[in-house]
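Participant: Sequence plus the predicted model coming up.
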Amino acid sequence: MTSYTDKGEKHERGKFVRFHHVTFWVGNAKQAASFYCDKMGFEPLAYKGLETGSREVVSHVIRQDKIIFAFDSPLNPGNEEMGAHLMKHGDGAKDIAFQVEDCDYLIKTAKQRGAVIVKDPWVEEDIHGRVKYAVVQTYGDTTHTFIEYLGPYKGLFLPGYKEPMFRDPLLAKLPQVGLRFIDHIVGNQPDDQMVPTSDWYQKCLMFHRFWSIDDKQIHTQYSSLRSIVVTNYEETIKMPINEPAVGKKKSQIQEYVDYNGGAGVQHIALNTSNIIQAIVNLRARGMEFLSAPDTYYDTLREKLKIAKIKVKEDLNRLQELKILVDFDDKGYLLQIFTKPVQDRPTLFLEVIQRNNHFGFGAGNFKSLFEAIEMDQEARGNLTVVTPKGQDQAFY
Ligand SMILES: [Fe+2]
């Protein structure tokens, strides 16, 4: 594992402040939003659709503390852009929005450095305030929307959005989850695309490398990956970029790329200050997680005996809930991964709690991979890679 101390380019103008929200393009926004509310503990925040004068696209926006997800679907027959996107990728994350300062400067710089600008800066307003937007293309069909508040915005979400049409009475009866903010968002790339993609962030968005791992460090007996984490100058936005590496069988990154039809968002990690409580309640709500074998915890107990840090949480409890632990000399993190949140084995979520540890769970990648491979095998996708690069089903 390599961590980088060079913070990259300090830009005098413009700033990437934080993850603002993630937009998902889905077949049925109403039902998708409801799944995240029921299973993950979100609450409806805002809405636009036919009733509010949005004639083409419906958008259900949900929130949990600082985490905001918007689910968009086309309202009319013949929406070619959204239709083609759904046909190719299925339901998934389409856009990662950043709150920025000096949107014009950031777009001008990105454009000069070769970024594809999907939409030049424009302003929207309603009675609650004014917001400037712009959209740039990143990996696959994924985009980044830049959002700049032109003065305080007093509305629920963004201009044009109104109150949710319905609040499900079931939600108040379910146990609170306590997810607080987006910790990081991971993008999977096809073979050999990790470096060009992370270079794009460094060049066009003036991000820098935060951390990287290569396939020698992260592999199971079957597959491996490489990963580079890029981040903004203030290190408030962390974006790991993965690519598959050749192994004996098909990498789970390759499985993602095959089912997503190219690069896209693999997982969104949500930070909590109490992961035990969060996972107890997420499991009570019916959320499904990847499992870790008991041998993982046997090994962990041995390693922790000689570690410089002490994990405050009860290890038996962590084992019961299948929460993973990664640590170094200074701190530790606790994390767990959901199963894919749609039928295609593409996007999933992570719940993470940090205790003075700023990694991404590299020590757990192997057990994460093994857990995913168990499911991958059940899906008939843990295929043998032949010298010609063709897959052969392995059951
Ligand atoms: Fe992660």
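Facilitator: Sure thing, it's come through.
Participant: mind listing the strands for the stretch 101-250 of the chain?
Facilitator: Under the criterion DSSP state E, counting those that start in this stretch, strands of the stretch 101-250 of the chain are mapped to 117-126, 129-137, 143-149, 179-188, 208-213, 224-231, 238-245.
Participant: The residue positioned nearest the centre of the chain: what's it in contact with?
Facilitator: Most central residue of the chain, judged by C-alpha distance to the mean C-alpha position with CA atoms, centre = their mean, is I268 at 2.1 Å. By CB atoms under 8 Å, 6 or more residues apart in numbering, the contact list for I268 reads V22, A93, I182, I185, V186, L347, L349, E350. All C-beta atoms are positioned from the backbone trio N, CA, C, and that covers glycine.
Participant: can you redo the strands of the stretch 101-250 of the chain as a markdown table with mean neighbour count?
Facilitator: Compiled in a markdown table, the strands of the stretch 101-250 of the chain are given as follows (neighbours: other CB atoms under 10 Å):
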| stretch | mean neighbour count |
| --- | --- |
| strand 117-126 | 14 |
| strand 129-137 | 19 |
| strand 143-149 | 21 |
| strand 179-188 | 22 |
| strand 208-213 | 20 |
| strand 224-231 | 24 |
| strand 238-245 | 25 |
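Participant: how about these, which one is nearest the ion?
Facilitator: Proximity to the ion, assessed across these by CB to the ion, is greatest for strand 179-188 (5.5 Å).
Participant: can you give me the angle the closest one makes with strand 238-245?
Facilitator: Angle of strand 179-188 versus strand 238-245, following axes from the mean of the first three to the mean of the last three CA atoms, to 10 degrees, is 30 degrees.
Participant: please renumber so the chain begins at 11
Facilitator: Got it, the first residue is 11 from now on, which makes the last one we talked about strand 189-198.
Participant: Show the average pLDDT along strand 189-198.
Facilitator: The predicted model gives strand 189-198 an average pLDDT of 97.
Participant: Sheet partners, orientation included, of it?
Facilitator: Partner strands and pairing direction for strand 189-198 (DSSP bridges) are strand 248-255 (parallel), strand 274-282 (antiparallel).
Participant: any bit of it sitting next to the ion?
Facilitator: No - for strand 189-198 and the ion, the contact criterion (CB under 5 Å from the ion) is not met; the two come no nearer than 5.5 Å.
Participant: which SS class is T309?
Facilitator: Assigned state for T309: helix (three-state reduction, DSSP: H, G, I helix; E, B strand; the rest coil).
Participant: Output the set of residues of the protein in proximity to the ion.
Facilitator: Counting by CB under 5 Å from the ion, the chain sits next to the ion at A279, E360, F370.
Participant: Mark which of the residues you listed are buried, thanks.
Facilitator: The neighbour-count criterion (16 or more other CB atoms under 10 Å) marks A279, E360, F370 among the residues of the chain next to the ion as buried.
Participant: check contacts around Q262.
Facilitator: Going by CB under 8 Å, 6+ apart, the list of residues near Q262 reads S233, L235, F379, I382, E383, Q386.
Participant: one step back: D75: which of the strands of the stretch 111-260 of the chain is closest?
Facilitator: Of all the strands of the stretch 111-260 of the chain, it is strand 189-198 that lies closest to D75, at 4.6 Å by CB to CB.
Participant: For K25, name its beta-bridge partners.
Facilitator: According to DSSP bridges, the residues that bridge with K25 are E111.
Participant: What about it, how many residues nearby?
Facilitator: Per other CB atoms under 10 Å, the neighbour tally for K25 reads 18.
Participant: coming back round to it: from the contacts of Q262, pick the one nearest R293.
Facilitator: Sorting the contacts of Q262 by how near they are to R293, with CB to CB, puts I382 at the top with 19.0 Å.
Participant: Give me the nearest residue to the closest one, chain neighbours excluded.
Facilitator: Q262 (4.5 Å; CB to CB, 6 or more residues apart in numbering).
Participant: what do you get for V126?
Facilitator: Q147 (4.0 Å).
Participant: tell me the mean pLDDT over stretch 389-404?
Facilitator: On average, the pLDDT along stretch 389-404 is 60.
Participant: Now do the lengthiest helix in the chain and strand 248-255, the angle between them.
Facilitator: Of all the segments of type helix in the chain, defined by DSSP state H, the longest one is helix 372-388. The directions of helix 372-388 and strand 248-255 differ by 50 degrees, with the same axes, to 10 degrees as the criterion.
Participant: would you turn the contacts of Q262 into JSON lines with pLDDT?
Facilitator: What follows is the contacts of Q262, written out as JSON lines (pLDDT from 0 to 100):
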{"residue": "S233", "pLDDT": "69"}
{"residue": "L235", "pLDDT": "79"}
{"residue": "F379", "pLDDT": "74"}
{"residue": "I382", "pLDDT": "78"}
{"residue": "E383", "pLDDT": "80"}
{"residue": "Q386", "pLDDT": "84"}
